[in-house]
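Visitor: build the 3D model from these lines:
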Amino acid sequence: MGNAKKTGGAGLRGQVAGQTALCTVGKQGTGLTYRGYDVDDLATNASFYEVAHLIIHGHLPNQGELNTYKKKINGLRELPEAVKKTLELIPADAHPMDVMRTGTSMLGNLETETDFSQQWDKADRLVATLPGMICYWYQFVTNGKRIDTASNIDGVGAHFLEMLHGKAPSDLHARVMDVSLILYAEHEFNASTFTGRVVASTLSDIHSCVTASIGALRGHLHGGANEAAMAMLSQWSSPEEATAAIDEMLKNKTLIMGFGHAVYTERDPRNAIIKKWSEKLADEVGDTTLYPVSCAVEKKM
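Guide: Now for the predicted structure:
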């Protein structure tokens, strides 16, 4: 071990850990593609159904395939009673990521993968049920309601928002939710994907892989960074207050969540897309704080 050669920086950064045909991140410091399709094109022209089919089944569906896939996903939304009972036992102060992790693991006990040929159907089942898991738990611990997660609502985002709020979302809200799901659908060899692939390399089942991946995504330095950035933005009541606070944080070399990326050396291509939709949402509800504060912080950074 004394002659071991250092091959890179911290962790596996800079090392080739494997190959993937799913996603390219950071091409020319900016790009993001899913199976060769630019994420901007997908967010503009595709539904989340189409992107899920692209990632899981390898190609964008034609109209006939899309209709069949929508019917399949919509028909898989209902949660088993045992999953519902498990979700009801989770404390109200649990983190939503923990809820999805537990729900996924329980589903794996009930609908166990017995052959690797089943993994695509199991993936579709998770796409269909994860929104219901989080909303069933939320409605139960918040309002004491046992909601019906079965639905033929056209749209994954619309289905999620209707379960979450108990009423049909506006077309704008449904579309923004779908776009957000598209933007976060795939990101190459990030920590949660690497975790899932480590588990998969042991020939474990897909539910174990996804459960482990959710555990990694829950971390403050991975998916939890978004939550931390939102908490930071929410504490300021004006762009001026935000700018002054950021100045102080920079002066003190305080970690500022939401900025800086190991792969995107110029910009995150998802930012401009979601910013456009955020502005539309702010205009619809008359927001004079969160969106202006976000823009002020972005400009300062």
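
Visitor: nearest residue to the middle of the protein?
Guide: residue 184 (4.6 Å; Cα atoms, centre = their mean).

Visitor: read off the pLDDT value for it.
Guide: At residue 184, the predicted lDDT confidence score is 90.

Visitor: quick one: it from residue 283, how far?
Guide: Counting by Cβ to Cβ, to the nearest Å, the gap from residue 184 to residue 283 is 23 Å. Backbone N, C-alpha and C define where each C-beta goes, glycine included.

Visitor: also residue 209?
Guide: Counting by Cβ to Cβ, the gap from residue 209 to residue 283 is 41 Å.

Visitor: hmm, residue 145 is touching residue 137, no?
Guide: No. Applying Cβ atoms under 8 Å, one finds residue 145 not in contact with residue 137, separated by 10.9 Å.

Visitor: more neighbours, those two?
Guide: residue 137 (27 against 12; other Cβ atoms under 10 Å).

Visitor: sec struct for the more buried one, please.
Guide: helix (DSSP: H, G, I helix; E, B strand; the rest coil).

Visitor: contacting residues for it?
Guide: 87-88, 90, 94, 99, 103 (Cβ atoms under 8 Å, 6 or more residues apart in numbering).

Visitor: from those residues, which land in strands?
Guide: Within those, no residue falls in strands by DSSP state E.

Visitor: show me how to select, in PyMOL, the buried members of those residues.
Guide: Buried residues within the contacts of residue 137, by 16 or more other Cβ atoms under 10 Å, are selected in PyMOL with:
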select buried, resi 87+90+99+103
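
Visitor: a markdown table please, covering the contacts of residue 137 and showing pLDDT and distance to residue 71.
Guide: Formatted as a markdown table, these follow (pLDDT from 0 to 100; distance: Cβ to Cβ, whole Å):
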| residue | pLDDT | distance to residue 71 |
| --- | --- | --- |
| 87 | 99 | 26 |
| 88 | 99 | 30 |
| 90 | 99 | 31 |
| 94 | 98 | 33 |
| 99 | 98 | 27 |
| 103 | 98 | 23 |
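
Visitor: ok, so of the contacts of residue 137, who is nearest residue 20?
Guide: Minimum separation from residue 20 among the contacts of residue 137 (Cβ to Cβ) is found for residue 103, which lies at 26.6 Å.

Visitor: what residues are up against the closest one?
Guide: So residue 103 contacts 83, 86-87, 129-130, 133-134, 137 (Cβ under 8 Å, 6+ apart).

Visitor: which parts of this structure are strands?
Guide: 23-25, 32-34, 37-38.

Visitor: what are the pairing partners of the last one, and which direction each?
Guide: I take that to be strand 37-38. strand 32-34 (antiparallel) (DSSP bridges).

Visitor: likewise the first one?
Guide: Listed by DSSP bridges, the sheet partners of strand 23-25 and their directions read strand 32-34 (antiparallel).

Visitor: got a list of contacts for the strand it pairs with?
Guide: 22-27, 38-39, 42, 51, 54-55, 185-187, 269-270.

Visitor: under the pLDDT cut-off, which ranges of the stretch 1-150 of the chain? List them.
Guide: Counting by pLDDT under 70, the stretch 1-150 of the chain shows low-confidence ranges at 1-17, 26-30.

Visitor: identify the residues contacting the residue nearest to residue 120 when sequence neighbours are not counted.
Guide: Using Cβ to Cβ, 6 or more residues apart in numbering and skipping residues adjacent in sequence, the residue nearest residue 120 is residue 56, 5.9 Å away. Taking Cβ under 8 Å, 6+ apart, we find residue 56 in contact with 120, 123-124, 127.

Visitor: can we see that at 7 Å?
Guide: 120, 123-124 (Cβ atoms under 7 Å, 6 or more residues apart in numbering).

Visitor: and residue 76, by the same measure?
Guide: 124-125, 128-129.

Visitor: which of these fall within helices?
Guide: 124-125, 128-129 (DSSP state H).

Visitor: now render these as JSON lines, adding neighbour count.
Guide: Shown next, in JSON lines, are the ones in helices among the contacts of residue 76 (neighbours: other Cβ atoms under 10 Å):
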{"residue": "124", "neighbour count": "18"}
{"residue": "125", "neighbour count": "19"}
{"residue": "128", "neighbour count": "22"}
{"residue": "129", "neighbour count": "24"}
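
Visitor: so where is the stretch 201-301 of the chain shaky, pLDDT-wise?
Guide: Looking at the stretch 201-301 of the chain by pLDDT under 70, you get 260-267.

Visitor: show me where it has its helices.
Guide: 206-217, 224-234, 239-251, 269-285, 290-300 (DSSP state H, counting those that start in this stretch).
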